[in-house]
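Student: make a model of this:
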Amino acid sequence: MFARIYRPSKTAMQSGRAKTHDWVLEFEPASARIPDPLMGWSSSRDMNAQVRLKFETREEAVAYATRHGIPFQVTEPKVGRKIIKAYADNFATNRMEPWTH
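Tutor: Numbering: from 1, shown residues only. As a prediction, the model looks like this:
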């Protein structure tokens with residue numbers, strides 16, 4: 001039983017960063033998923049795969065894993081560069097790229 005502690009990244013379906021502030025503790029799958037012979041759905045006997053704990057800070061998640069004796073790996077989030085753009089920049093006179101249609 002091994003856990004990952006990380007901050008979720010922004011999904012492609014949203015423009016904001018609303019659900020990216022909490023830290024998440026998830027367990028690595030202990031066994032591979034197997035298809036159900038009748039319906040074809042994928043199933044697993046690993047119940048820890050369903051557990052997803054959220055914490056406000058990284059330290060809380062690490063303290064929880066340490067307190068319960070869970071081996072873990074912390075993945076630090078990558079800080080993205082914020083590019084400020086405006087529609088008027090398309091028509092700027094000092095534009096570096098040529099204007100094409």
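
Student: give me the nearest residue to Ser31, chain neighbours excluded.
Tutor: Asp46 (5.5 Å; Cβ to Cβ, 6 or more residues apart in numbering). Any C-beta I mention is one placed from the backbone N, CA and C, and that applies to glycine too.

Student: Ser43 now?
Tutor: What sits nearest to Ser43 in space, not counting adjacent residues and going by Cβ to Cβ, 6+ apart, is Asp36, at 5.4 Å.

Student: mind pulling up the pLDDT for Gln14?
Tutor: At Gln14, the pLDDT value in this model is 66.

Student: mind exporting the C-alpha coordinates of stretch 33-50 to CSV?
Tutor: What follows is stretch 33-50, C-alpha atoms only, in CSV (Å, rounded to 0.1, in the frame of the first residue of the first chain):
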residue,chain,number,x,y,z
ARG,A,33,-8.1,-3.9,-13.2
ILE,A,34,-9.9,-7.0,-14.7
PRO,A,35,-12.9,-6.9,-17.1
ASP,A,36,-16.1,-8.4,-15.8
PRO,A,37,-17.0,-11.4,-18.0
LEU,A,38,-20.7,-10.6,-18.1
MET,A,39,-20.9,-6.8,-18.6
GLY,A,40,-17.3,-6.0,-19.6
TRP,A,41,-16.9,-3.3,-17.0
SER,A,42,-13.5,-3.0,-15.4
SER,A,43,-13.3,-4.0,-11.8
SER,A,44,-10.8,-4.3,-9.1
ARG,A,45,-10.5,-6.1,-5.7
ASP,A,46,-8.5,-3.2,-4.3
MET,A,47,-10.7,-1.1,-2.0
ASN,A,48,-8.0,1.5,-1.4
ALA,A,49,-8.3,2.6,-5.0
GLN,A,50,-11.6,4.2,-4.1
